[in-house]
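Undergrad: generate coordinates for the sequence data below:
(one chain, ligands or ions: 1)
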Amino acid sequence: MCGTPTPDDVGMREWAFRELVAQNTNLKTLHHYKLVWSVPIIWQVISDHQLTMIEQGRLRRQFNDQISIMNDAFVDTPFSFYTSDIVYTVNVDWFTGMVHDDTAEEAKGALHRGDNWALNIYLAEVSDLFYGRATFPMDLARDGVDQDGITLDYGSLPGGGNPNGGEGDVLVHEVGHWLGLYHTFQGGCLDDDIFPEVGDGVDDTPAHDLWVSGRECAPSQSCAGLLDAPIHNHMNYTPDSCRDEFTEGQIERMIQQTQLYRCINCM
Ligand SMILES: [Zn+2]
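TA: Numbers count the residues shown, from 1 in each chain. Sure, this is the predicted structure:
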């Protein structure tokens, strides 16, 4: 469903992030200020043929629906989203090749627009391997801004038809990654307090193991043996129809990651 890999150096990253948070005592928090941060979206439409006016019109309606879904999902956060630009690119190799790292690197290097705060969304045919894949804010320092962004399968757009992933919540999940969130099941049942570098780095998401808690929308076990695995959380792997929340801890993490790595104007 989601093709966003856990970074190899996640332990070092988490340590560095916590150090920065401790040093920057002036970071804004959810409750400290009334924050409003608008994220410009650049839709990078990659196709294998010149799209007809009808096809472009259908896509624009899906983009509008997707923006509404995102703004609903992030309503309790400082983040909102708007369409800044739509870029059409015909390239047969990129259309199906975005699943491969080298092809994705080439396409993003050629197409990416804007700065760290511009959200480039590359639409392509990738559902054989994943519905969506994102980069993290901390990837920017390593890979450069032109490799930043989200790759999304056309079928993940609202009404796109991907099973368990065609209601527009795939992009909500991927934007969670883009703003610095990991999966709620990252690190499985290793204790967050003992191994803070392997969990999701958020205190109010119960630790769970995906193999135990599963992908169904039914109450399921967390690592404490309770029926409280976060099945409704956007950063879990339950179906689109089941996911509708970010926790306060996740929102605070997105706010911190944004200020430290992604948006200099947000400090
Ligand atoms: Zn994911």
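
Undergrad: what number of residues are in the vicinity of the closest residue in space to residue 49 that isn't next to it in sequence?
TA: Nearest non-adjacent residue to residue 49, counting by CB to CB, 6 or more residues apart in numbering: residue 90, 6.5 Å away. Every C-beta, even on glycine, is put in place using the N, C-alpha and C of the backbone. By other CB atoms under 10 Å, 13 other residues sit near residue 90.

Undergrad: end to end on stretch 115-122, go ahead and measure it.
TA: Counting by CA to CA, to the nearest Å, you get 16 Å between the two ends of stretch 115-122.

Undergrad: and the closest residue to the ion within the chain, how many neighbours?
TA: Distances between the chain and the ion by CB to the ion are smallest at residue 2, namely 3.0 Å. A count of neighbours around residue 2, defined by other CB under 10 Å, yields 18.

Undergrad: would you confirm that it contacts residue 133?
TA: Yes. Counting by CB atoms under 8 Å, residue 2 touches residue 133, with 7.1 Å between them.

Undergrad: who touches both of those two?
TA: Residues touching both residue 2 and residue 133 by CB atoms under 8 Å, 6 or more residues apart in numbering: residue 174.

Undergrad: who in this protein is up against the ion?
TA: For the chain, the residues in contact with the ion (CB under 5 Å from the ion) are 2, 4.

Undergrad: quick one, grab the pLDDT at the closest residue to residue 118 other than its chain neighbours.
TA: In space, and not counting its chain neighbours, residue 118 is closest to residue 40: 5.3 Å by CB to CB, 6+ apart. Looking at residue 40, its pLDDT reads 97.

Undergrad: what of the one 5 residues further on?
TA: At residue 45 the predicted local confidence, pLDDT, stands at 98.

Undergrad: just checking, what packs against the strand or helix carrying it?
TA: Using DSSP states H and E, residue 45 maps to strand 37-47. With contacts taken as 3 or more CB pairs under 8 Å, 6 or more residues apart in numbering; DSSP states H and E, strand 37-47 sits against helix 53-73, strand 79-90, helix 92-97, helix 101-111, strand 119-124.

Undergrad: can you list contacts of the last one?
TA: The list of residues contacting strand 119-124 from outside it, by CB under 8 Å, 6+ apart, reads 39-46, 81, 94-98, 104, 107-108, 111-114, 148-154, 157, 171, 175, 178.
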